[in-house]
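>>> Test case, fold it:
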Amino acid sequence: MAKLIRAEAFIVDLIPKVKRTDAIQSFKSQETIFVRLTDADGASGLGYSYTIGDGGHSVLELVRRSFLPALIGREAGMIEAIWRDLLFLSHATAVGPIMALAQAAIDTALWDLRGVKTGLPLHVLAGGAKSSVPMYSTEGGWLHLEPQALVDDALAMREAGFRGSKIKIGKPTVAGDAARLEAVRAALGDDYEIMTDANQSMTQPEASRRLDLLERLNIAWFEEPLPADDIAGHARLTRQSRVPIAVGESMYSPGQFADYIQAGACGIVQADVARIGGITPWLKVAHMAEAHNLAICPHFLMELHVSLVCAVPNAPWLEYIPQLDDIAAPMAREGGFALAPVAPGLGIDWDHEAIAARVTEGSHLTITEAQS
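Okay, here's the model as predicted:
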């Protein structure tokens, strides 16, 4: 092992190439918070987390003011110890998104550094369950799109080898959601998976009204039907529904997943590596789900999640939403299957010149051993 002697943080703002809307919000931009850590041997790791348009500079300030100074001099290989110490360094801000997103940028950088030092790709370091995973596309299923546009995209994705598409729901009426879903099912047939996502927009009675529709159309899962803190409502809905209830992108600790699983409030867990605080806690949730015979189908960040879903045996899908194309080489895939990167660490082929050109002015901070 070697001690950390240099820590950097900065933001790169990435604007989506297509309009992205759901029942409660629009995805304005990806404020991408980067952390680069360098050890005494000269090896470095690059990690990141994100927002969907707001709050990125709050995350960056926590990283810059509190976390980077605490990293200098630490043994880079002691990832679990560092994660736990950072949690308690700023425990008044936990559990929550700002804290988790800040920790994730650091934790992913440490795992990247570990892979660089060992010469192993992340999917092997973290478990080595498989080398590829089927994908479903969300990029053509946004809520503002008309039924024919949903159909056209799903047909194109199936032609490209994809096994499924996610359709956003949460129209003002059940009939509005039905028109969208029925059009896709009629065009794609029974063998193509359709996932749905309500983005926490419904009350439990409104979600219950849609269960017959979702079951009739053989929907793969009903994602985030209720606000994330409504465990009891999700438990009641899960008892009513033959369609699996999926939750997790708006949870920020393994303990929150444990509460859901213990309450029988979900059928699929969807931990997001950035929103839960990094690879270290993500793996705990994945193994927790496996121990309860549940699947983990993570939210967003496909370029990072591809390695994690290939590390564990209970991750049957990867969500396809391209977002890093301006600053990294496209993720490797064969048809509708994503391939686990084989390069050491996270395995993302970053375009460092493109990243440097997009750094938000005034956001870059470097702390070295001499300054700490």
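>>> can we go C-alpha only for contacts and neighbour counts from here?
Fine.
>>> how much space between E319 and S165?
9 Å (CA to CA, to the nearest Å).
>>> so what sits against both of these two?
Taking CA atoms under 8 Å, 6 or more residues apart in numbering as the criterion, E319 and S165 both touch 136-138.
>>> still on that earlier bit, out of E319 and S165, which sits in the more crowded spot?
S165 (29 against 24; other CA atoms under 10 Å).
>>> is the more buried one in a bridge, and if so with what?
Beta-bridge pairing for S165 (DSSP bridges): S137, I194.
>>> That one contacts A154, doesn't it?
Yes. Counting by CA atoms under 8 Å, A154 is a contact partner of S165 at 6.2 Å.
>>> overlap in contacts of the two?
What both S165 and A154 touch, as defined by CA under 8 Å, 6+ apart, is the set G140.
>>> Sketch out the low-pLDDT regions of the stretch 251-372 of the chain for me.
Where the stretch 251-372 of the chain drops to pLDDT under 70, the residues are 370-372.
>>> can you give me the helices in it?
254-262, 279-291, 302-309, 352-358 (DSSP state H, counting those that start in this stretch).
>>> Go through those and pick out the most buried.
The highest average neighbour count among the helices of the stretch 251-372 of the chain, using mean count of other CA atoms under 10 Å, belongs to helix 302-309 at a mean of 27.
>>> helices and strands around that one, which ones?
Of the remaining helices and strands, those touching helix 302-309 by 3 or more CA pairs under 8 Å, 6 or more residues apart in numbering; DSSP states H and E are helix 122-125, strand 318-320.
>>> In TSV: the ones you listed, plus distance to L181.
Formatted as TSV, those follow (distance: least, CA to CA, whole Å):
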stretch	distance to L181
helix 122-125	35
strand 318-320	19
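>>> Go through these and name the closest to G347.
Closest to G347 of those is helix 122-125 (CA to CA; 7.3 Å).
>>> about what we covered before: which one of the helices of the stretch 251-372 of the chain lies nearest to A175?
Proximity to A175 (CA to CA) singles out helix 254-262 among the helices of the stretch 251-372 of the chain, at 30.1 Å.
>>> which residues are contacting that closest one?
Counting by CA under 8 Å, 6+ apart, 231, 248, 251, 266, 269, 276, 281-282, 284-285, 288-289, 292 sit against helix 254-262.
>>> how about R209, what does it touch?
V174.
>>> Make 668 the first number, not 1, from now on.
From this message on, residue numbering opens at 668, which makes the last subject R876.
>>> how close does it sit to M869?
Distance from R876 to M869, by CA to CA: 10 Å.
>>> So which bits of stretch 876-890 are buried?
For stretch 876-890, burial by neighbour count (16 or more other CA atoms under 10 Å) applies to 877-878, 880-882, 884-890.
>>> mind putting these in JSON lines, distance to G856, pLDDT and secondary structure included?
Listed next are the buried residues of stretch 876-890 as JSON lines, based on distance: CA to CA, whole Å; pLDDT from 0 to 100; DSSP: H, G, I helix; E, B strand; the rest coil:
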{"residue": "R877", "distance to G856": "20", "pLDDT": "98", "secondary structure": "coil"}
{"residue": "L878", "distance to G856": "20", "pLDDT": "98", "secondary structure": "helix"}
{"residue": "L880", "distance to G856": "16", "pLDDT": "98", "secondary structure": "helix"}
{"residue": "L881", "distance to G856": "15", "pLDDT": "98", "secondary structure": "helix"}
{"residue": "E882", "distance to G856": "15", "pLDDT": "98", "secondary structure": "helix"}
{"residue": "L884", "distance to G856": "10", "pLDDT": "98", "secondary structure": "coil"}
{"residue": "N885", "distance to G856": "11", "pLDDT": "98", "secondary structure": "coil"}
{"residue": "I886", "distance to G856": "12", "pLDDT": "98", "secondary structure": "coil"}
{"residue": "A887", "distance to G856": "14", "pLDDT": "98", "secondary structure": "coil"}
{"residue": "W888", "distance to G856": "17", "pLDDT": "98", "secondary structure": "coil"}
{"residue": "F889", "distance to G856": "19", "pLDDT": "98", "secondary structure": "strand"}
{"residue": "E890", "distance to G856": "21", "pLDDT": "98", "secondary structure": "strand"}
